[in-house]
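> Pasting the sequence and the predicted coordinates here, then a few questions.
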Amino acid sequence: MKIGKVAITKVFTFDSAHHLVDYNGKCKNIHGHTYKLEVTLKGIPDKNGLVMDFHDMEDIIEDEVLEKIDHKYLNDVFDFNPTCEMIGLWLWEEIAKRVKDTQCSLERLMLWETPTSYITIDRHDME
């Protein structure tokens with residue numbers, strides 16, 4: 001069997017509050033979201049047939065990012081305006097730092113702020 005790279009994806013949710021600075025609209029007021037985070041890693045399956053164990057992937061995301069932002073007021077956590085775009089870029093940086101020591105690469109990140117609004121960051125966007 002030909003072995004090539006395989007993408008694995010795991011979905012997470014977290015709840016946070018924020019307000020947008022210098023914004024003229026409802027989001028200038030403190031409000032909360034149940035965010036949905038989708039993380040995709042890519043790599044060649046190891047001798048056991050795994051790119052990365054989903055449990056290990058979950059540990060990375062929980063330990064590196066969700067612990068810092070779940071049930072938090074994001075304006076107190078970040079030194080930037082916590083828009084979905086900026087939170088996504090922060091997530092990318094934090095996850096990429098941890099994944100670089102594995103046989104995987106961070107391929108894509110999607111962050112939903114609402115059920116109908118989300119951002120996408122692709123590996124090619126960050127090179």
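That came through, no problem.

> Can you give the distance from the longest helix anywhere in the chain to the centre of its chain?
In the chain, with assignment by DSSP state H, the single longest helix is helix 84-99. Remark: helix 84-99 is offset 6 Å from the chain centroid, using C-alpha atoms, centre = their mean, to the nearest Å.

> following that helix, which helix or strand comes up?
strand 105-114 (DSSP states H and E).

> ok, back up a step: what is the orientation angle of the longest helix of the chain with strand 105-114?
If you take axes from the mean of the first three to the mean of the last three C-alpha atoms, to 10 degrees, helix 84-99 sits at 150 degrees to strand 105-114.

> which of the residues in helix 84-99 are buried?
By 16 or more other C-beta atoms under 10 Å, the buried positions in helix 84-99 come out as C84, I87, G88, L89, W90, L91, W92, E94, I95, V99. Yep, even glycine has a C-beta here, placed from its N, CA and C like the rest.

> where does the protein have low pLDDT?
For the chain, no stretch has pLDDT under 70.

> mind listing the strands in it by residue range?
6-18, 31-43, 72-73, 105-114, 117-122 (DSSP state E).

> Now render the ones you listed as TSV, adding mean neighbour count and distance to D79.
Putting the strands of the chain into TSV (neighbours: other C-beta atoms under 10 Å; distance: least, C-beta to C-beta, whole Å) gives the following:
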stretch	mean neighbour count	distance to D79
strand 6-18	16	13
strand 31-43	17	19
strand 72-73	16	14
strand 105-114	18	19
strand 117-122	14	20
